[in-house]
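Q: okay, structure incoming, though there's no sequence with it:
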Ligand SMILES: [Zn+2]
């Protein structure tokens with residue numbers, strides 16, 4: 001099952017223009033004519049109405065800057081600065097990712113992903129000394145040993161496990177409020193394919209064996225640095241749910257009708273889980289997309 005729509009945080013409306021990252025002269029000139037997206041230490045950004053990012057003139061702005069790319073040939077930079085009074089509303093990516101337009105969703109997702117990486121990787125992993133920002137914010141360089149360190153993305157799998165018919169497995173993490181459920185997820189381990197990670201995580205979390213592991217689509221999830229790889233998988237053999245590693249507080253088989261009737265509270269539209277569940281609900285038992293919008 002491939003997703004019927006691009007997940008909201010996978011949308012893009014700008015050109016990363018990565019070829020310019022190596023040119024300090026080009027970046028300096030681009031800064032003069034560009035626009036800036038302020039990202040605070042808490043990863044909030046200023047909003048304008050209707051929900052859109054407030055992109056500011058760069059004059060007078062100070063703080064670490066990252067070149068995000070070109071939007072309609074205008075250079076866009078993320079700038080690290082505290083919240084101020086120039087904007088009435090500040091919001092983070094989880095709050096507004098699903099309601100921003102394509103361009104702004106792509107800019108904010110990239111800005112937050114870079115900001116979180118810089119904040120968590122201030123030192124050289126080889127010598128322990130402080131590193132310096134380089135190449136428009138896409139590298140950190142160690143001035144002692146000249147080693148370069150690139151933004152990190154951690155692959156994670158997220159999978160809707162179904163029975164080949166009308167039921168799927170939803171689980172609740174202990175930290176989530178009662179009634180809030182989602183599909184299963186976990187990190188890909190070193191030396192492991194994403195398909196093998198799907199099978200391993202399903203076995204560990206709910207004790208089910210799966211087959212027909214099928215790619216659905218992906219979405220960046222920079223909280224702090226994940227790339228969510230979405231799958232569907234069919235459970236085979238004994239379909240009894242067993243919480244083996246206790247990563248989940250509970251997990252249940254639910255039918256489409258039960259989910260549509262509100263048996264559980266589903267994840268928000270900003271998540272790829274929401275997209276995968278919505279598409280599965282819209283598909284019939286044979287896995288064919290029924291087409292058309294769903295009613296929730
Ligand atoms: Zn070093």
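A: Okay, I see it. In this text, all values refer to a predicted model and were calculated from it rather than measured experimentally.
Q: for the rest of this, base every contact and every neighbour count on C-alpha atoms.
A: OK.
Q: what are the neighbouring residues in contact with the closest residue to residue 281 other than its chain neighbours?
A: Counting by CA to CA, 6 or more residues apart in numbering, residue 256 is the residue found nearest to residue 281 once chain neighbours are left out, at 5.9 Å. Applying CA atoms under 8 Å, 6 or more residues apart in numbering to residue 256 gives the contacts 166-168, 281.
Q: mind checking how far residue 256 is from the ion?
A: According to CA to the ion, to the nearest Å, residue 256 stands 54 Å off from the ion.
Q: what score does that residue have for pLDDT?
A: The model reports residue 256 with a pLDDT of 97.
Q: please apply the same query to the one 3 residues further on.
A: Among the per-residue scores, residue 259 shows a pLDDT of 97.
Q: tell me how far whichever helix or strand it is part of lies from the chain's centre.
A: Secondary-structure assignment from DSSP states H and E places residue 259 in helix 256-260. Offset of helix 256-260 from its chain centre (CA atoms, centre = their mean, to the nearest Å): 26 Å.
Q: which residues sit in contact with whichever residue of the stretch 1-150 of the chain sits closest to the ion?
A: Here the stretch 1-150 of the chain gets closest to the ion at one residue, residue 127, 4.1 Å apart by CA to the ion. Listed by CA under 8 Å, 6+ apart, the contact set of residue 127 reads residue 145.
Q: return the distance of it relative to residue 134.
A: Per CA to CA, to the nearest Å, residue 127 is found 18 Å from residue 134.
Q: interface residues of the stretch 51-200 of the chain facing the ion?
A: 124, 127, 142, 145 (CA under 5 Å from the ion).
Q: just read off the phi/psi values of the residue nearest the centre of the chain.
A: Using CA atoms, centre = their mean, the residue of the chain that lies closest to the mean C-alpha position is residue 221, 1.6 Å off. Per-residue torsions, residue 221: phi -140, psi 80 (degrees, to the nearest 10).
Q: which of the residues of the stretch 51-200 of the chain next to the ion sits closest to residue 18?
A: For those, the residue nearest residue 18 by CA to CA is residue 142; the value is 21.4 Å.
Q: so what's that closest one closest to, chain neighbours aside?
A: Spatial nearest neighbour of residue 142, chain neighbours left out: residue 131 (4.5 Å); criterion: CA to CA, 6+ apart.
Q: just put the contacts of residue 256 in TSV and tack on neighbour count.
A: Shown next, in TSV, are the contacts of residue 256 (neighbours: other CA atoms under 10 Å):
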residue	neighbour count
166	18
167	20
168	24
281	22
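Q: of the residues you listed, closest to the ion?
A: Nearest to the ion among the contacts of residue 256: residue 168, at 48.6 Å, using CA to the ion.
Q: what helix or strand is the closest one on?
A: Assigned by DSSP H and E, residue 168 falls within strand 167-173.
Q: which residues does that strand contact?
A: Contacting residues not belonging to strand 167-173 are listed as 160-162, 179-184, 247-256 [CA under 8 Å, 6+ apart].
Q: return the subset of the residues you listed lying in helices.
A: Those of those mapping onto helices are residue 256, per DSSP state H.
Q: in strands, which of the contacts of strand 167-173 appear?
A: Taking DSSP state E as the definition of strands, the contacts of strand 167-173 contribute 160-162, 184, 248-255.
Q: can I assume the residue nearest to residue 142 is in contact with residue 123?
A: Yes - the criterion here is CA atoms under 8 Å, and residue 131 meets it with residue 123 at 5.2 Å.
Q: between these two, who's got more neighbours?
A: residue 131 (22 against 18; other CA atoms under 10 Å).
Q: OK, contacts around that one?
A: Residues near residue 131 by CA under 8 Å, 6+ apart: 122-124, 140-143.
Q: turn the buried ones among the residues you listed into a named ChimeraX selection, would you?
A: Of the contacts of residue 131, the buried ones go into a single ChimeraX selection, burial set by 16 or more other CA atoms under 10 Å:
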select :122,123,124,140,141,142
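Q: where along the stretch 51-200 of the chain do the strands fall?
A: Listed in chain order, the strands of the stretch 51-200 of the chain (DSSP state E, counting those that start in this stretch) span 52-53, 56-57, 65-71, 74-80, 89-92, 132-134, 139-141, 148-149, 154-162, 167-173, 184-187.
Q: those: which one's closest to residue 38?
A: That would be strand 74-80 among these, by CA to CA, at 4.8 Å.
Q: picking that back up, what's near enough to touch the residue nearest to the centre of the chain?
A: By CA under 8 Å, 6+ apart, the residues touching residue 221 are 9, 227-228.
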